[in-house]
Structure formats: structure tokens, C-alpha cells
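S.K.: dropping a prediction and its sequence here:
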Amino acid sequence: MKMRVLLSGFITSLLLCGAVVANDYISNGGVDSLRGDTELNTQTQAAGLKSVVEQDKPYDSDYVFQPPLIPHQIRHYEMSLNANKCLSCHSWKNARESGATKISVTHYEARDGQVLADVSPRRYFCLQCHVPQNEAAPLIENDYERVESLR
Amino acid sequence: MKLLKAFWRKLSTPSKAAVGVVLALGFTGGILFWGAFNTGMEATNTEAFCSGCHAPIVAEIQETIHYSNRSGVRAICSDCHVPHNWTDKIVRKVQASKELIAFAMGTISTQEKFEARRKHLAEREWHRMSQNDSQECRNCHEFDFMDFSEQRPRSVAQHSDALASGEKTCVDCHKGIAHRLPDMSGVEGW
């Protein structure tokens, strides 16, 4: 009988310890992340989607060889094995008629510098480097400046 | 045989009922038949009916602006693939009955078979749309009411020139607006 009371007391205290440990585990310990100070086990409200900034002229570059930014909406542009919507205006074949910026000659070069007749497969997925912009404040303050030659 | 003969006699001899009764029966019968026919026709135009067989391609439209957008105005399968004009609609419906055979034979029963035929199927729709001057687009998008000041300069240039003159029609440029595209190599403008 005494043994049983002891055992159940022991198990209860074990469970209590477990609860404390588990609570510690789900707490963020007062550390803020870029997502805010939400506890790890709660779901934050997703931020609202921002609309893409559209303008008629290209963005200025900030550094040499920067992939130019996209100054227009690209929602639902298909980019697949079958079709590349970007290239239907920006490829060398179509740029003249569409009046869009021509992609640079580097897109026609294979990895070893060999020049190909069409866009190199490694440059096919435009959004790997080129992205549209929206009006979003930087998450962390920074004092980045445009390189001297492009100022 | 006897029965048939009796039935024929009944049809060919004048009815003993009053003309008014016969007419009334005819009218109600006609209204019922027409109502049932039209309801049946409408039922074959619903998204649920289309996705019964075309489930994978119905799924594709769900990513596009014709399925979901800020104002909730939508186009469903039949808005683009079935003419709205009655006679044209009947013609298209009869043509579509051919697809039942293809369905029974399993012509595009797998995703692979569908991908292999995607270009053929797309070209057929592009052809149909260019032949009827993109009528199904124009059922909603009326050229006369387009506000060019709300369009981007490149769109204005295209719409006020090539489209206005009738040199080009909607589908010539706006392909794949509700489905994924087939292999576009060799297609004009791609």
C-alpha cells in the first residue's frame, strides 16, 4: 500500500516535470525574430499580400551585373517545359515587335562560355534572378549605397 | 403487328376529343418537352458536369483569373467552350457527342495521353476562336467599352491598332489564359 502511494507520487512528479520541460520547449524564451515575438506553437496571422509596383521604365541598377528588376505585374505568367511567357516578349526573336527590353547575350551562353542559338537552359527560369518589386520597408535597417559607377 | 396497326389507326383518324382539348394537350406537352430539353441542356453546361470527365483540365483553371479574382465575376467552362447563340450551341453540342466515343475508347484517359494531345486540342480551340473572331471572349469583353486610359501603353497600342482593325483577334495573343499551355515552339509570337 505504501509502495503504491510512493509510486503514484513519483509518476505524478515525473509528469509535472515533463509539463514544465514541454512548456519551456514551446516558449521562444523572449527572443524576437523577424516574424515577431509569437510563441512557436501559435500561428501568426499572415501578412497581407502587397501589390506589385508597375512602372513604364526599367529600374536603375544598384551594382554592376545586377539582374534587372521586373517593373510590371507577372501574375499567372507560365514558365514551364512547354512555354515561357517572359520570352514571348523579351527574347531576341520577339523583343523588337513587343518593344520590351531584350535579354542580354549572356543568356545565350552555356556554362562553358559556348554561345548557343537559343536561350541556354541554365538561364531559362527568369525568376531565379529577376523579380518584381513591391513597396515594403526593409525588415532590418541598413546603409547600403549604390556603387559609385552607377550613382 | 396488330398493336402497331391499331396505334397507326389511332394516329391517322381524327380524334373524337374537342379541338380545344387537343390543342391544350399539345401546348402543355410542348411546354413540358421544351422545359425538360432546356433544363437538360443547361445541366450539360455546368462545371460539375464538365469535370465529370475533364477533371484534370478543370483543375487547371483554378489557378487563373477567370476562376478567382477580386470582384468574383467568373467564367466557367461553357462560357468559353460552348457558343451562347442557340443554333451555334446545338451544333457544338452535337459535335461534342463525338467526345463520348473518345471517352469510351480512353483516348486521353491518362495525364500522359492528355499531355501528348494537348497541342492538338489547344490548336483546335485556337482555330475555332479565330474563326468566330473570339466570340466567346467578346461575350464579356466588349471592345467598344474598353477604357484605353486604364490600359498599359503596350496594350493600348495593340488593341487600338491590330485588334481594332480586325487584323488580329483576342486569341491570337491571349493564349493559355485559362489553361496551361502546350509546347509553344513554332506558335506565332512565341
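M.R.: Happy to help now that I have it.
S.K.: remind me which residues of chain A are low pLDDT?
M.R.: Residue ranges of chain A with pLDDT under 70: A:1-28, A:35.
S.K.: chain A contacts on chain B?
M.R.: Within chain B, the positions near chain A by Cβ under 8 Å from any Cβ of the partner chain are B:63-65, B:118, B:152-154, B:176, B:180-184, B:189-190. Backbone N, C-alpha and C define where each C-beta goes, glycine included.
S.K.: count of neighbours near the spatially closest residue to residue A:139 that is not a sequence neighbour?
M.R.: Spatial nearest neighbour of residue A:139, excluding adjacent residues (Cβ to Cβ, 6 or more residues apart in numbering or on different chains): residue A:34 at 5.3 Å. Residue A:34: 6 surrounding residues under other Cβ atoms under 10 Å in any protein chain shown.
S.K.: residue of chain A nearest chain B, please.
M.R.: With Cβ to the nearest Cβ, the shortest gap between chain A and chain B falls at residue A:83, namely 3.9 Å.
S.K.: just the ones of the residues of chain B next to chain A in helices?
M.R.: Counting by DSSP state H, the part of those found in helices is B:118, B:153, B:154.
S.K.: same list (the residues you listed) but as a markdown table, adding pLDDT and distance to residue A:147.
M.R.: Formatted as a markdown table, those follow (pLDDT from 0 to 100; distance: Cβ to Cβ, whole Å):
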| residue | pLDDT | distance to residue A:147 |
| --- | --- | --- |
| B:118 | 92 | 47 |
| B:153 | 85 | 31 |
| B:154 | 84 | 31 |
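S.K.: what about the residue of chain A closest to chain B, neighbour count?
M.R.: For residue A:83, the neighbour count with other Cβ under 10 Å is 21.
S.K.: what do you get for residue B:6?
M.R.: Quick note: residue B:6 (other Cβ under 10 Å) scores 10 neighbours.
S.K.: go on, the one 4 residues further on?
M.R.: By the criterion of other Cβ under 10 Å, residue B:10 has 9 neighbours.
S.K.: same question, the one 10 residues further on
M.R.: Taking other Cβ under 10 Å as the neighbour definition, residue B:20 ends up with a count of 8.
S.K.: and the gap between it and chain A?
M.R.: The spacing between residue B:20 and chain A, counted by Cβ to the nearest Cβ, to the nearest Å, is 61 Å.
S.K.: which phi and psi does that residue have?
M.R.: Dihedral pair for residue B:20: phi -60, psi -40, per degrees, to the nearest 10.
S.K.: mind checking which of the ones in helices among the residues of chain B next to chain A are buried?
M.R.: Of the members of these, the ones counted as buried by neighbours, 16 or more other Cβ atoms under 10 Å in any protein chain shown, are residue B:118.
S.K.: would it be right to say that residue B:73 lies in a helix?
M.R.: No: assessed by DSSP: H, G, I helix; E, B strand; the rest coil, residue B:73 does not belong to a helix; its assignment is coil.
S.K.: backbone dihedrals for it, both of them.
M.R.: For residue B:73, the backbone dihedrals are phi -80, psi 130 (criterion: degrees, to the nearest 10).
S.K.: what is the neighbour count of it?
M.R.: When neighbours are counted by other Cβ under 10 Å, residue B:73 comes out with 8.
S.K.: same check on the one 4 residues further on?
M.R.: Burial measure for residue B:77: 18 neighbouring residues, criterion other Cβ under 10 Å.
S.K.: quick one, what contacts the residue nearest to it when sequence neighbours are not counted?
M.R.: The shortest distance from residue B:77 to any non-neighbouring residue, by Cβ to Cβ, 6+ apart, is to residue B:50 (4.4 Å). Contact analysis of residue B:50 by Cβ atoms under 8 Å, 6 or more residues apart in numbering or on different chains lists B:58, B:76, B:77, B:78.
S.K.: equivalent analysis for residue B:75, please.
M.R.: B:66, B:140, B:178.
S.K.: residues of chain A that sit close to chain B?
M.R.: Within chain A, the residues that sit near chain B (Cβ under 8 Å from any Cβ) are A:54, A:56, A:72, A:75-76, A:78, A:80-83, A:87-88, A:94, A:98-99.
S.K.: mind picking the two most distant members of the residues of chain B next to chain A?
M.R.: Within these, B:118 and B:153 form the most distant pair, 33.4 Å apart (Cβ to Cβ).
S.K.: nearest residue to the middle of chain B?
M.R.: Geometric centre of chain B, nearest residue: residue B:82, 1.1 Å, by Cα atoms, centre = their mean.
S.K.: verify the stated contact: that residue with residue B:90.
M.R.: No: between residue B:82 and residue B:90 there is no contact under Cβ atoms under 8 Å: 10.2 Å.
S.K.: backbone dihedrals for residue A:70, please?
M.R.: For residue A:70, the backbone dihedrals (degrees, to the nearest 10) come out as phi -90, psi 120.
S.K.: how about residue B:18?
M.R.: The phi/psi pair for residue B:18 (degrees, to the nearest 10) reads phi -70, psi 150.
S.K.: what residues are up against the residue lying closest to residue A:78 once chain neighbours are set aside?
M.R.: Using Cβ to Cβ, 6+ apart and skipping residues adjacent in sequence, the residue nearest residue A:78 is residue A:85, 5.1 Å away. Counting by Cβ under 8 Å, 6+ apart, residue A:85 makes contact with A:74, A:77, A:78, A:79.
S.K.: now residue A:85: phi and psi?
M.R.: Dihedral angles of residue A:85 (phi, psi; degrees, to the nearest 10) stand at phi -60, psi -40.
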